[in-house]
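>>> Sequence and predicted model, in that order:
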Amino acid sequence: MADYFEHRHIVGFEETNLVGNVYYVNYLRWQGRCREMFLKLHAPDVLADVRADLKLFTLKVECEFFAEITAFDELSIRMRLVDLAQTQLEFTFDYVKLEPDGDEVLVARGRQRVACMRGPNTATVPSVVPEALVHALEPYTGAASPRLRRTA
């Protein structure tokens, strides 16, 4: 079993700029989509909690680009948990272009820091990362993850 959660995506024309390259903001959108699909498939209880009062605030997002991609390229967006704190999580995302011949090319790498909050929009407060989410993420910690325990 892989140590990452994978979301597959085929790049569409609407995700490219006038030159034909993927516009950078789409890489950030794909991080969010990957995270959403993880919740849908592996943490439905957390998704129900989000519908109640849990909020997953993205605190920091980044992406480093290594190669260009264009319309109809097939991507594997691979999410790993790299840090788990009391109220926050940090993920990495590898954007891998899947070549027709079976080769894989790392085209970008991203990072995202997320805080768990609860309460109404006018009075949100930090909240402990739900145990159901911690449990669902256990298989996706990656071999390079030094901290898999809750930290302060």
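Perfect, I can see it now. Nothing here was measured: the structure is a model prediction, and the numbers come from that model.
>>> tell me how far stretch 22-39 is from the chain's mean position?
Relative to the chain's own centre, stretch 22-39 is displaced by 7 Å; criterion: CA atoms, centre = their mean, to the nearest Å.
>>> What of stretch 100-116?
Mean-position distance between stretch 100-116 and its chain equals 9 Å (CA atoms, centre = their mean).
>>> same question, stretch 102-120
Averaging C-alpha positions (CA atoms, centre = their mean) puts stretch 102-120 3 Å from its chain's average.
>>> Stretch 51-71 now?
6 Å.
>>> same thing with stretch 20-28?
In terms of CA atoms, centre = their mean, the centre of stretch 20-28 is set 16 Å apart from its chain centre.
>>> Next secondary structure element downstream of the helix or strand that contains Thr92?
Taking DSSP states H and E as the definition, one finds Thr92 inside strand 88-98. As assigned by DSSP H and E, the chain's next helix or strand after strand 88-98 is strand 104-118.
>>> Tell me which residues touch Lys60, please.
111-113 (CB atoms under 8 Å, 6 or more residues apart in numbering). C-beta here means a position set from N, CA and C on the backbone, and glycine is covered the same way.
>>> Now name the helix or strand holding it.
Per DSSP H and E: Lys60 is located in strand 54-65.
>>> the inter-axis angle of that strand versus strand 104-118?
Strand 54-65 runs at 150 degrees relative to strand 104-118, counting by axes from the mean of the first three to the mean of the last three CA atoms, to 10 degrees.
>>> Parallel or antiparallel, which strands does strand 54-65 pair with?
strand 104-118 (antiparallel) (DSSP bridges).
>>> ok, the nearest residue to Cys34 once chain neighbours are set aside to Phe91 distance?
Nearest in space to Cys34, with sequence neighbours left out and distances taken as CB to CB, 6 or more residues apart in numbering, is His7 at 4.1 Å. Applying CB to CB, to the nearest Å, the value for His7 to Phe91 is 12 Å.
>>> Kind regards, and thank you for your time.
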